[in-house]
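J.: Here is the input, now give the coordinates:
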Amino acid sequence: MNKIPYIVSAITITLAGLFAILNRFWTGFVYFVLALLVALSLFWAGWLLFKYWTDYREELKEDYKIWIANKINTTEVTAEIVEQNEKVYKKQFSKHMLKHKLVKWAQIAICFALAASFLTGLLMY
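T.: As a prediction, this is how the structure comes out:
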């Protein structure tokens, strides 16, 4: 399942390259190139959203466990204190992981922006 986006990307880029080369013979192939690039951008946006809502949330739960264990080992905090103040520690962890979440959402936003720009190019050509 992890290789699916790379296979789809390789096939789509190969077809887009082929249509870009064939553009010399008929200018209508530009539409195929731009349509393939729109589809590829939307595919990656969808794939990244899917991965965010499934795998990344599970990774966050595991990272929280590791972060708490590290917090207990490096400070004078005990497991009982963590259990009593779990809400506070989850909030600290959320602040700690904000940068990673923003990067994930920025990747998704870039994919949608690319799709919009290719779609604009398709409509304007």
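J.: Tell me which other helices or strands the helix ranked longest in the chain touches.
T.: The longest helix of the chain (DSSP state H) is helix 98-124. Under the contact criterion of 3 or more C-beta pairs under 8 Å, 6 or more residues apart in numbering; DSSP states H and E, helix 98-124 touches helix 29-51. From N, CA and C alone the C-beta is placed, and that goes for glycine too.
J.: same thing but 10 Å
T.: helix 29-51, helix 57-74 (3 or more C-beta pairs under 10 Å, 6 or more residues apart in numbering; DSSP states H and E).
J.: so how far is Lys101 from Glu86?
T.: 20 Å (C-beta to C-beta, to the nearest Å).
J.: Repeat that for Ala115.
T.: Distance of Ala115 to Lys101, computed by C-beta to C-beta: 22 Å.
J.: who's more crowded, the two?
T.: Neighbour count, other C-beta atoms under 10 Å: between Ala115 and Lys101, Ala115 has more, with 19 against 13.
J.: quick one: contacts for the residue minimising distance to the centre of the chain?
T.: Centroid-nearest residue in the chain: Leu48, 3.4 Å away (criterion: C-alpha atoms, centre = their mean). By C-beta atoms under 10 Å, 6 or more residues apart in numbering, Leu48 lies in contact with Pro5, Tyr56, Lys104, Trp105, Gln107, Ile108, Ala109, Ile110, Cys111, Phe112.
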